[in-house]
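Trainee: below are the sequence and a predicted model for it; my questions follow.
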Amino acid sequence: MGELRAQFWELPLRDLTRAEWEALCDGCGRCCLHKLEDEDTGEVVDTNIACRLLDTGTAQCSDYRNRKAFVPDCLRLTLRIVEQVTWLPQTCAYRLRAEGQPLQGWHYLLSGDRDAVRRAGVSVVGRVVNEIDAGPMEHHITQWPQPRKDWEREP
Ligand code: SF4
């Protein structure tokens, strides 16, 4: 990973280097879940079904480098995409910064703790099923709760 500037996460997204852009991700894994769109209203709802490449025990892509070969429609988040899509979670670091909001306290760049995203209830770790095992998507519609405020006390 390249050099990261001090407090780069406070800079506008368009000014980030490639390495800083990559480092901004909180690792929640929620962009790797399938969504369902209502044909009539266009409303998008979340499911707890993960992409086949997502390691559901770590919320990391199991083959990030080659993912496009296995999942051709996997989106590489760019500034344009972040500004266009509506389905990124409200906690997503890219969404927050695109809206001019600060990162949340549990983000590892602020907390110094990669596990804080799980303790805040934001990570998908242990809460999702792989698409290979999931069955009908309609059975997996999920509403993700708000982040826990007491994440520092959570085990
Ligand atoms: S939702 Fe945003 S912060 Fe979470 S894993 Fe995806 S890109 Fe990273």
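Mentor: Thanks, I have it.
Trainee: name the residues of stretch 125-135 that come out as buried.
Mentor: Neighbour-count burial for stretch 125-135, counted by 16 or more other CB atoms under 10 Å, picks out 125, 127-128, 131, 134. C-beta coordinates here come from the backbone N, C-alpha and C atoms, glycine included.
Trainee: likewise stretch 79-99?
Mentor: 82, 88-89, 91-98.
Trainee: ok, so of the buried residues of stretch 125-135, who is nearest the ligand?
Mentor: Among the buried residues of stretch 125-135, Val125 lies closest to the ligand (CB to the nearest ligand atom), at 11.5 Å.
Trainee: just checking, which of the buried residues of stretch 125-135 belong to helices?
Mentor: 131, 134 (DSSP state H).
Trainee: give the contact list for Glu43.
Mentor: Contact analysis of Glu43 by CB atoms under 8 Å, 6 or more residues apart in numbering lists Glu37.
Trainee: need the pLDDT of it.
Mentor: Note for Glu43: predicted pLDDT of 87.
Trainee: how distant is the lowest-mean-pLDDT helix or strand in the chain from the center of its chain?
Mentor: Scoring the helices and strands of the chain by mean pLDDT, DSSP states H and E places helix 67-70 at the bottom, with a mean of 90. Between the centre of helix 67-70 and the centre of its host chain there is 18 Å, according to CA atoms, centre = their mean, to the nearest Å.
Trainee: in stretch 146-155, what counts as buried?
Mentor: Neighbour counts over stretch 146-155 (16+ other CB under 10 Å) mark 147, 151 as buried.
Trainee: that stretch and the ligand, any residue contact?
Mentor: No. On the criterion CB under 6 Å from any ligand atom, stretch 146-155 is out of touch with the ligand, staying 12.0 Å away.
Trainee: tell me which residues are up against that stretch.
Mentor: With CB under 8 Å, 6+ apart, stretch 146-155 has contacts from 91, 104-106, 116, 119-122.
Trainee: how far away is Gln146 from Ile132?
Mentor: Separation of Gln146 from Ile132 (CB to CB, to the nearest Å): 30 Å.
Trainee: apologies, that question was intended for Arg52.
Mentor: Applying CB to CB, the value for Arg52 to Ile132 is 6 Å.
Trainee: with Asp26 instead?
Mentor: The gap separating Asp26 from Ile132 is 26 Å, by CB to CB.
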